[in-house]
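[1] sequence and predicted structure below; questions after.
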Amino acid sequence: MEWLDALTLARIQFAFTVSFHIIFPAFTIGLASYMAVLNGLHLWTGKEVYLTLFNYWKKIFAVAFGMGVVSGIVMSYQFGSNWSVFSDKTGPVLGPLMGYEVMSAFFLEAGFLGVMLFGRARVGPKLHFFATAMVALGTFMSAFWILSVNSWMQTPAGYGINEVGQFIVEDWFKVIFNPSFPYRLVHMLLAAYLTTAFVVGGVAAFHLLKERKRMSQPGAAPSPESQAATRVMFSMAMWMAAIVAPIQIMAGDAHGLNTLAHQPAKIAAIEGHTESQGKAPLILIGIPNAKEERIDYAISVPYLSSLILTHSLDGVVPGIRSTPAADRPPLGIVFFAFRSMVGVGMLMLCIGLWSLWLRYRGRLYDAPLMHRCAVFMGPSGFVAILSGWIVTEVGRQPFTVYNLLRTADSHSPIDATAIAFSLAAFVVVYFSLFGAGVYYILRQMKAPPGEGHGGADLSVHEPIRAAGLVPGPTLAAKSSQAGLTDDTGART
């Protein structure tokens with residue numbers, strides 16, 4: 001495979017743009033639900049601290065949502081420019097699903113987003129809570145449709161092939177609820193919630209450390225409102241980590257069993273075994289040898305791979321050579337990406353359990369080592385999601401539709417030079433545009449909650465325009481425009 005041929009450049013371009021894009025929807029899925037909970041708790045209890053936290057996070061949500069929309073639009077461009085054969089062959093199946101995502105999910109988000117960000121003083125707290133819940137529901141429905149699309153590409157079902165070679169729908173229920181879809185949807189939603197929990201927990205821990213430093217200085221003390229908001233924020237985040245991390249491990253186990261049944265070649269690359277075998281050891285780490293198709297210098301645990309994947313000590317785990325050479329995914333990338341995802345997940349579990357122990361001892365807010373670890377783990381969810389996405393997509397190779405349509409047969413008849421120029425343009429624009437957005441988000445996170453985050457609605461002049469993401473007068477207007485023009489990419 002040449003590094004500068006059209007196919008490879010198209011794959012690099014798609015990998016680059018989707019890696020930027022996926023972190024924003026994943027974050028906003030969890031953050032929208034968190035904000036709905038905050039709004040609901042304020043409505044139920046009347047405690048101002050929940051409204052303070054809601055207003056603290058809504059500016060961050062607005063910027064992340066805007067960056068998700070902008071980065072998603074590019075995905076539509078690439079389907080048409082770089083992957084036109086794929087779009088033509090799968091269009092009768094995937095096109096309607098993407099349309100359902102726009103109509104049922106993105107329009108719902110965009111329709112209520114303006115009320116959530118700007119309308120509390122105008123519509124009242126109950127309708128404002130309803131709008132926030134609708135935005136959260138929209139993010140969930142968006143994940144539902146996009147995971148259905150991607151899962152069908154992994155485990156196609158309910159389809160036929162017409163006389164011109166296009167996939168057509170024979171059973172919509174089987175298309176939508178294909179064999180891997182329930183597992184992948186649960187796994188992705190839990191990953192989104194964990195990602196948000198650790199971002200929120202990392203921000204709260206940062207301010208707890210600053211609070212501790214200020215308390216050590218004579219005459220300096222944080223405001224009671226900020227202190228209360230920071231502690232509530234940290235407590236809620238750690239509860240989420242402690243509850244969801246173990247559930248995610250169980251969901252991952254079920255997903256692994258499903259993958260073994262439907263995509264054994266992906267499991268072979270994940271596990272790194274050369275030949276299929278029973279009583280297979282779990283290779284913890286090693287150096288993939290792609291030429292010999294084995295893992296050198298492997299450190300392994302006997303029987304554990306069979307036990308995890310088959311729930312039996314002598315269960316058979318597929319080896320790399322059980323799949324024809326032309327149909328094998330890349331070994332090294334899948335092997336390391338999976339271990340990165342699992343390693344981060346284990347650290348998340350440890351943080352959650354540690355927080356329960358500190359909570360039991362009454363020291364959750366007085367444990368600087370824990371707070372430093374929480375700050376370090378703040379971006380861990382993004383690392384896990386990107387690693388998991390690499391396992392999913394690279395592990396499906398060399399197919400775009402598993403075992404039915406090869407990647408080499410899916411790309412457009414386009415010159416490599418054109419793709420190279422557009423890739424270079426994307427790199428420059430993405431790092432500048434999204435760099436500004438991320439800088440603004442980090443600046444917002446650096447300010448403690450309760451300082452300038454009272455009950456006022458988000459100003460129409462910030463934060464989106466400040467980040468350079470939306471030139472128009474309001475985010476609501478931009479969202480409506482994006483909903484009318486973005487046909488596939490808002491949550492690709």
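    It's in.
[2] so what's the residue count around residue 334?
    Using other Cβ atoms under 10 Å, residue 334 has 27 other residues around it. Every C-beta, even on glycine, is put in place using the N, C-alpha and C of the backbone.
[3] should've said residue 279
    16.
[4] name the SS class of it, please.
    Under DSSP: H, G, I helix; E, B strand; the rest coil, the three-state class of residue 279 is coil.
[5] for this structure, where's the lowest mean pLDDT among helices and strands?
    helix 475-485 (a mean of 34; mean pLDDT, DSSP states H and E).
[6] and the strands in the stretch 151-300 of the chain, which stretches?
    Along the stretch 151-300 of the chain, the segments classed as strands by DSSP state E, counting those that start in this stretch run 159-161, 167-169, 282-289, 294-301.
[7] redo those as JSON lines? Include mean pLDDT.
    Below are the strands of the stretch 151-300 of the chain laid out as JSON lines (pLDDT from 0 to 100):
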{"stretch": "strand 159-161", "mean pLDDT": "92"}
{"stretch": "strand 167-169", "mean pLDDT": "93"}
{"stretch": "strand 282-289", "mean pLDDT": "88"}
{"stretch": "strand 294-301", "mean pLDDT": "87"}
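[8] of those, which approaches residue 34 most closely?
    In terms of Cβ to Cβ, the element of the strands of the stretch 151-300 of the chain nearest to residue 34 is strand 282-289, at 34.2 Å.
[9] now that closest one and strand 294-301, what's the angle there?
    Relative orientation of strand 282-289 and strand 294-301, computed by axes from the mean of the first three to the mean of the last three Cα atoms, to 10 degrees: 160 degrees.
[10] elements contacting strand 282-289?
    strand 294-301, helix 304-310, helix 331-361 (3 or more Cβ pairs under 8 Å, 6 or more residues apart in numbering; DSSP states H and E).
[11] for residue 42, find the nearest of these.
    helix 331-361 (23.0 Å).
[12] tell me which residues of stretch 179-188 come out buried.
    The neighbour-count check on stretch 179-188 (16 or more other Cβ atoms under 10 Å) flags 179-188 as buried.
[13] and it, what's its mean pLDDT?
    Mean pLDDT, stretch 179-188: 94.
[14] contacts for it, please.
    Stretch 179-188 has contacts (Cβ atoms under 8 Å, 6 or more residues apart in numbering) with 26, 143-144, 147-148, 150-152, 154-155, 157, 248, 251-252, 254-255, 258-259, 261-263, 388, 392.
[15] which of those fall in helices?
    Among the contacts of stretch 179-188, the residues falling in helices (DSSP state H) are 26, 143-144, 147-148, 150-152, 154, 248, 251-252, 254-255, 258-259, 261-262, 388, 392.
[16] any of those residues buried? List them.
    26, 143-144, 147-148, 150-152, 154, 248, 251-252, 255, 258-259, 262, 388, 392.
[17] low pLDDT regions in the stretch 301-450 of the chain?
    Under the criterion pLDDT under 70, no range of the stretch 301-450 of the chain is flagged.
[18] try it again at 80.
    450 (pLDDT under 80).
[19] do I have it right that residue 445 meets residue 203?
    Yes: taking Cβ atoms under 8 Å as the definition, residue 445 is a contact partner of residue 203 at 4.8 Å.
[20] higher neighbour count, the two?
    residue 203 (26 against 21).
[21] now do that one against residue 237, distance only.
    9 Å (Cβ to Cβ, to the nearest Å).
[22] ok, now residue 14?
    Distance, residue 14 to residue 237, using Cβ to Cβ: 33 Å.
[23] of these two, give the one with the bigger neighbour count.
    residue 237 (26 against 20).
[24] what sits closest to the more buried one if chain neighbours are left out?
    Computed as Cβ to Cβ, 6 or more residues apart in numbering, the closest residue to residue 237 that is not its neighbour in sequence is residue 201, at 3.3 Å.
[25] check residue 207 too.
    Distance criterion Cβ to Cβ, 6+ apart; nearest residue to residue 207, sequence neighbours excluded, is residue 230 at 4.5 Å.
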